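Student: Next comes the sequence, and after it the predicted model I'd like to discuss.
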Amino acid sequence: MNLISLGWNAAFQNAFDNLKNPDWMPAKVFSEDRGSYLIMTELGEFRGKTSGSYRHVSKNRADFPAVGDWLAVQLCSGGGAAIIHALLPRINMLSRKIADDSTEKQVLAANVDYVFIVSGLDHNFNLRRIERYIALAWDGGVQPVIVLNKVDLIADKTELNKIKNAIESVALDVPVHFISLVSHKGLAELSSYFTDHKTVVLVGSSGVGKSTLTNYLIGEDLQKTASTRASDSRGRHVTTRRQLFPLASGGMLIDTPGIRELQLWADKSSLDTGFSDIEDIAKSCRFNDCKHSGDPGCAVQEAIMQNKLEAKRLVNYLKLQQELKQRADRQWKTPWRSI
């Protein structure tokens with residue numbers, strides 16, 4: 001397979017050349033399953049595993065390959081298998097904190113151009129969750145795109161306009177697309193994101209239609225799908241691993257399992273990008289260290305009173321700030337445990 005069609009560029013070529021090993025070749029990670037990687041090279045598809053030396057120098061989970069990563073590998077004699085010796089520097093990566101009490105980072109996908117934040121316009125629709133995903137994308141250096149599925153469920157134009165106004169209040173400059181995977185409404189608009197070998201990763205809860213959207217974009221029913229519960233629109237986990245699919249258009253798509261718990265791995269600047277409206281208002285606060293929770297001369301609270309800012313948006317912003325602070329505090333304390 002032609003590596004350029006998979007996103008290979010001069011930066012990856014230079015990084016690979018610097019390794020100076022004639023026995024190695026470039027490979028891209030298509031999927032990962034319990035430490036075994038499906039990788040693609042110019043010679044075709046292989047099953048790869050990290051070498052002993054690779055594992056020895058890797059300090060945490062984020063050092064190991066993720067879907068979308070470029071690697072330096074050596075093919076094994078007999079065919080079908082390869083040894084992973086090096087991970088080429090990532091252009092960007094979409095990551096979150098592992099969903100437990102640890103302070104480790106989990107890389108969801110690497111070297112991507114867009115992240116489609118997929119949500120259903122049913123019981124799944126949650127502005128606060130969408131805000132989290134937007135912060136996740138900006139932190140990874142990836143352009144977020146909001147994709148709202150099941151628009152055919154909203155027959156009342158007044159209700160649809162309310163939803164549009166609500167999503168615009170949190171999206172800011174993030175593109176928003178209303179689609180239906182039943183009637184195919186709005187799907188043609190998504191094709192522009194897959195030009196010039198661009199890579200898109202899908203994120204969202206179970207039952208929002210990620211696998212159905214993947215099948216539509218691929219043009220085949222490669223991903224299993226399942227219906228959602230009518231009572232609460234909750235879906236079952238059908239996609240069990242992250243997987244990259246090349247598209248006929250020349251782009252690439254990464255499907256991911258539904259995320260039940262999204263804990264951010266971000267810094268304050270990334271969070272501020274997703275909540276730039278609050279940051280802009282905060283510049284008018286009387287005090288530079290205003291906490292926006294009862295401080296005198298708080299411009300943010302004044303904006304809420306004037307209905308220029310939704311109170312729930314501020315609450316979520318402060319909640320995410322506190323989560324990042326707690327994570328940073330745990331990271332600072334962790335090294336001392338071994339002393």
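Tutor: Thanks, I have the structure now.

Student: Send over stretch 315-327 as PDB, restricted to the C-alpha atoms.
Tutor: Output in PDB follows, covering the C-alpha atoms of stretch 315-327 (Å, rounded to 0.1, in the frame of the first residue of the first chain):
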ATOM      1  CA  VAL A 315     -20.700  25.400  36.600                       C
ATOM      2  CA  ASN A 316     -19.300  22.900  34.200                       C
ATOM      3  CA  TYR A 317     -16.300  25.100  33.500                       C
ATOM      4  CA  LEU A 318     -15.500  25.400  37.200                       C
ATOM      5  CA  LYS A 319     -16.000  21.700  37.600                       C
ATOM      6  CA  LEU A 320     -13.600  20.800  34.900                       C
ATOM      7  CA  GLN A 321     -11.000  23.300  36.300                       C
ATOM      8  CA  GLN A 322     -11.300  21.500  39.700                       C
ATOM      9  CA  GLU A 323     -10.800  18.100  38.000                       C
ATOM     10  CA  LEU A 324      -7.600  19.200  36.300                       C
ATOM     11  CA  LYS A 325      -6.400  20.700  39.600                       C
ATOM     12  CA  GLN A 326      -7.000  17.400  41.500                       C
ATOM     13  CA  ARG A 327      -5.300  15.400  38.700                       C
END
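
Student: What mean pLDDT does it get?
Tutor: Mean per-residue pLDDT for stretch 315-327: 86.

Student: Output the below-cut-off pLDDT ranges for the protein.
Tutor: The model of the chain has pLDDT under 70 over residues 99-102, 221-240, 258, 260-263, 265-266, 329-339.

Student: Any idea how far stretch 310-319 is from the middle of the chain?
Tutor: Relative to the chain's own centre, stretch 310-319 is displaced by 22 Å; criterion: Cα atoms, centre = their mean, to the nearest Å.

Student: Residues touching that stretch, excluding its own?
Tutor: Residues from elsewhere that reach stretch 310-319 (Cβ atoms under 8 Å, 6 or more residues apart in numbering): 127-128, 131-132, 169-170, 271, 275, 278, 292-293, 300, 304. Using the backbone N, CA and C atoms, a C-beta is placed for each residue, glycine as well.

Student: Pull out the buried positions in that stretch.
Tutor: Neighbour-count burial for stretch 310-319, with 16 or more other Cβ atoms under 10 Å as criterion, is recorded at R313, L314, N316, Y317, L318.

Student: what bridges to the residue most central in space within the chain?
Tutor: The centroid of the chain falls nearest to L94 when counting by Cα atoms, centre = their mean (4.7 Å). For L94, the beta-bridge partners are A109 (DSSP bridges).

Student: Surely it is in contact with W138?
Tutor: No. L94 lies out of contact with W138 (Cβ atoms under 8 Å); the separation is 10.5 Å.

Student: quick one, helices of the protein?
Tutor: Under the criterion DSSP state H, the chain contains helices at 10-17, 52-57, 127-139, 157-171, 210-218, 268-274, 276-282, 299-305, 311-333.

Student: burial count for the closest residue to V182 other than its chain neighbours?
Tutor: Leaving aside its sequence neighbours, V182 sits nearest to D152 (Cβ to Cβ, 6 or more residues apart in numbering; 5.7 Å). Residues contacting D152 under the criterion other Cβ atoms under 10 Å number 14.

Student: Repeat that for S31.
Tutor: Using other Cβ under 10 Å, the number of residues around S31 comes to 16.

Student: Distance of it relative to E159?
Tutor: 40 Å (Cβ to Cβ, to the nearest Å).

Student: who's in contact with the closest residue to C285 other than its chain neighbours?
Tutor: Spatial nearest neighbour of C285, chain neighbours left out: A299 (4.7 Å); criterion: Cβ to Cβ, 6+ apart. Taking Cβ under 8 Å, 6+ apart, we find A299 in contact with I281, A282, K283, S284, C285, R286, C290.

Student: please redo it, this time with the cut-off set to 6 Å
Tutor: Each residue near A299 by Cβ atoms under 6 Å, 6 or more residues apart in numbering is listed here: I281, S284, C285.

Student: was I right about the residue nearest to the centre of the chain contacting G140?
Tutor: Yes. Counting by Cβ atoms under 6 Å, L94 does reach G140; the two are 4.3 Å apart.

Student: got the CA positions of the strand ranked longest in the chain in CSV?
Tutor: As assigned by DSSP state E, the longest strand anywhere in the chain is strand 25-33. The C-alpha trace of strand 25-33 is given here as CSV (Å, rounded to 0.1, in the frame of the first residue of the first chain):
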residue,chain,number,x,y,z
MET,A,25,10.4,-0.1,7.6
PRO,A,26,7.6,2.3,8.4
ALA,A,27,4.2,1.0,9.5
LYS,A,28,0.9,2.5,10.6
VAL,A,29,-1.2,1.2,13.4
PHE,A,30,-4.7,0.2,12.2
SER,A,31,-5.9,-1.4,15.5
GLU,A,32,-4.7,-2.6,18.9
ASP,A,33,-5.9,-5.5,20.9
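
Student: Identify the residue nearest the residue in the chain sticking out farthest from the centre in space, chain neighbours excluded?
Tutor: Centroid-distance maximum for the chain: P296 at 38.1 Å, with Cα atoms, centre = their mean. Nearest residue to P296, sequence neighbours excluded (Cβ to Cβ, 6+ apart): R286, at 6.3 Å.

Student: if I look at the one you found, how far off is D295?
Tutor: 8 Å.
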